[in-house]
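>>> Sharing a model prediction with you, sequence too.
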Amino acid sequence: MEEYSMDPPDGGYGWVVVISAFFSMGLTTGILRNLGLFFLDIQNYYGVLTGTLSWVTSTSIAMFHLGAPLAGALSVYFTQRGVIMIGAVLAASGMIIASLSLSLPWMYLSLGVLQGLGCAFCWMPVNSMVSRYFKRWRPVAFSISSSGECVCSMAFGPFFQWLIEAYSWQGALLIIGGLQLNLCVCGALMRPLKPNLCFPTPSQETPTEGSKELNQMSKKIPYQWSLIRRPELLLYITFATLATAGFFIPPLFLVPHVHHINVEQYRAALLLSVMSVSDLLGRLVCGWLASLRLLRNLQVLAMTATMLGVVLLLLPLGQNYWAIVVFTALYGFLFGSMVSVHIISIMDIVGLKGFDGALGLFMFMRSSGVLITLPTAGWLVDWADDFSAVFYLAGICIILSAIFVVVVDRMVEKIKRKKSMTASGRFLDSSETCPINVMDHSEA
């Protein structure tokens with residue numbers, strides 16, 4: 001039976017894929033991170049409570065996670081290139097419909113469902129393509145591609161604020177929808193790797209294009225639900241579910257928080273740029289350190305998660321603008337450090353073969369955290385009439401999540417040691433048995 005592999009070229013056209021992924025990240029998650037700029041304008045337009053409007057963002061991020069497994073499955077049949085283009089149309093349509101300001105339920109559908117699903121259809125295939133094109137330089141490639149979120153978010157902060165003031169929030173959403181159509185170009189650059197035949201023998205036939213064997217191989221569903229039986233992966237998903245509070249609450253509520261302490265709009269918007277710059281530095285620095293293999297990825301993740309939780313607990317104590325700038329910069333750097341390793345850590349747990357299935361399961365299960373934390377944060381603001389409570393919630397959740405990472409790291413290392421001992425035992429059996437048999441034969 002033939003075996004096929006897609007050997008990562010570790011360069012070449014892979015860097016074109018990385019550049020395409022860079023802009024894909026910017027036009028999806030980079031835009032989602034700046035939706036907090038529209039929060040107060042949309043809230044005043046519809047006259048609703050913070051908790052009610054939080055469901056728009058919660059729905060968008062939940063669909064982003066729920067759509068990831070679907071995007072991976074569709075990639076099997078339409079390729080990553082096709083799914084990214086479908087996602088571009090969905091995301092742009094969501095923004096354009098939201099700009100019509102029809103009603104709040106339409107906001108849930110457009111800015112929530114369509115935007116979130118469109119971003120998922122772009123994000124999932126992009127990460128899958130980068131993981132396939134690189135092996136040795138995979139941490140660096142992931143850091144560069146994911147930094148598109150930071151760079152674009154840094155530019156989008158003041159730009160979106162200017163759009164809101166110049167064209168109203170409706171006009172700003174319409175222009176953003178047009179920008180997201182550029183994701184079609186990013187998808188067109190995603191050239192799939194062709195499978196290579198490994199170790200052929202003369203008696204084997206190499207399947208030709210369109211043959212039954214090759215089609216069955218290429219259309220193998222990447223989602224292995226047996227992965228859910230692995231306790232280390234389930235614990236890692238628990239970490240990710242808790243970590244959603246620290247990932248999504250601060251970008252959404254930071255601008256309303258500083259407005260609450262009477263900081264002017266442009267200075268508040270600049271905080272998102274500060275967060276993005278430090279986020280970029282965190283991703284690049286941590287990605288470079290990860291490639292040096294000085295520490296295990298899970299060790300880095302546990303340390304950065306703990307420090308990030310402490311920073312979030314301290315952030316509300318800053319009652320002047322410059323104190324908040326410092327805490328925002330620290331948050332961005334540690335957040336970027338976590339993001340640069342939290343996806344590739346899945347590969348440390350399940351390996352490259354199970355990566356697509358585990359990533360889809362990871363995103364699907366993490367959506368429960370999004371659906372709970374953001375509405376809960378909105379309810380806390382309405383109840384306490386203060387945005388500080390949401391940062392305390394985020395900090396506590398992140399610190400708790402770090403405990404699960406430590407447990408997962410120990411479990412993974414224990415599994416590796418068992419495999420190593422089993423492999424060395426087999427080697428010793430074969431190396432000890434063969435010479436003895438030879439000597440016995442010679443003596444006889």
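Thanks, I have the structure now. In this text, all values refer to a predicted model and were calculated from it rather than measured experimentally. Numbering: from 1, shown residues only.

>>> alpha carbons only for contacts and neighbour counts from here, please
Noted.

>>> ok, which stretches of this protein are strands?
Secondary structure of the chain by DSSP state E: the strands cover 3-5, 196-198.

>>> ok, of those, where does mean pLDDT dip lowest?
Mean pLDDT is lowest for strand 3-5 among the strands of the chain, at a mean of 42.

>>> which stretches of the protein have low pLDDT?
Scanning the chain for pLDDT under 70 picks out 1-8, 195-227, 352, 356, 423-444.

>>> Touching, residue 28 and residue 119? I think so.
Yes - Residue 28 is within contact range of residue 119, at 5.2 Å (criterion: C-alpha atoms under 8 Å).

>>> Between those two, tell me which one has more neighbours.
Taking neighbours as other C-alpha atoms under 10 Å, residue 28 and residue 119 compare with residue 119 leading, 34 against 28.

>>> Show me which residues of stretch 47-65 are buried.
Neighbour counts over stretch 47-65 (16 or more other C-alpha atoms under 10 Å) mark 50-51, 53-65 as buried.

>>> what about residue 192, distance to residue 129?
Residue 192 sits 8 Å away from residue 129, taking C-alpha to C-alpha, to the nearest Å as the criterion.

>>> What of residue 48?
41 Å.

>>> next one: stretch 50-62 to chain centre, how far?
Between the mean C-alpha location of stretch 50-62 and the chain-wide mean there is a distance of 19 Å, by C-alpha atoms, centre = their mean, to the nearest Å.

>>> can you check stretch 244-263 too?
Distance, stretch centre to chain centre, for stretch 244-263: 20 Å (C-alpha atoms, centre = their mean).

>>> Which positions in it come out as buried?
Within stretch 244-263, the residues scored as buried using 16+ other C-alpha under 10 Å are 244-259, 263.

>>> Please name the residues that touch the residue lying closest to residue 400 once chain neighbours are set aside.
Leaving aside its sequence neighbours, residue 400 sits nearest to residue 242 (C-alpha to C-alpha, 6 or more residues apart in numbering; 7.4 Å). Applying C-alpha atoms under 8 Å, 6 or more residues apart in numbering to residue 242 gives the contacts 369, 397, 398, 400, 401.

>>> do residue 183 as well
Counting by C-alpha under 8 Å, 6+ apart, residue 183 touches 23, 24, 27, 84, 85, 88, 122.

>>> And residue 103, by the same measure?
residue 46 are the contacts of residue 103 under C-alpha under 8 Å, 6+ apart.

>>> Okay, helices next: where are they in the stretch 151-300 of the chain?
Assigned by DSSP state H, counting those that start in this stretch, the stretch 151-300 of the chain shows helices spanning 183-188, 212-218, 231-260, 265-292, 297-314.

>>> So residue 389 sits against residue 380, correct?
Yes - at 6.5 Å, residue 389 and residue 380 qualify as touching, with contact defined as C-alpha under 8 Å.

>>> Tell me the one among the contacts of residue 183 nearest to residue 39.
Proximity of the contacts of residue 183 to residue 39 (C-alpha to C-alpha) peaks at residue 27, which lies at 19.0 Å.

>>> And the closest one, how far from residue 103?
Distance, residue 27 to residue 103, using C-alpha to C-alpha: 25 Å.

>>> swap in residue 260?
26 Å.

>>> ok, residue 74 - contacts?
Counting by C-alpha under 8 Å, 6+ apart, residue 74 has contacts residue 83.

>>> meant to ask about residue 398, not that
By C-alpha under 8 Å, 6+ apart, residue 398 lies in contact with 242, 243, 245, 246, 305, 306, 308, 309.

>>> now what about stretch 372-387, what contacts it?
49-52, 54-55, 57-58, 244-245, 248-249, 253, 256-257, 260, 389-390, 393.

>>> buried ones in that stretch?
Buried, per 16+ other C-alpha under 10 Å, within stretch 372-387: 372, 373, 374, 375, 376, 377, 378, 379, 380, 381, 387.

>>> try stretch 157-168
Buried residues in stretch 157-168, counted by 16+ other C-alpha under 10 Å: 157, 158, 160, 161, 162, 163, 164.

>>> now stretch 169-180
169, 170, 171, 172, 173, 174, 175, 176, 177, 180.

>>> Equivalent analysis for stretch 136-144, please.
137, 138, 139, 140, 141, 142, 143, 144.

>>> So which of these is the closest to residue 341?
So of those, ranked by how close each gets to residue 341 (C-alpha to C-alpha), first place is residue 139, at 7.5 Å.

>>> Pretty sure that closest one sits against residue 342.
No - taking C-alpha under 8 Å as the definition, residue 139 is not a contact partner of residue 342, at 10.6 Å.
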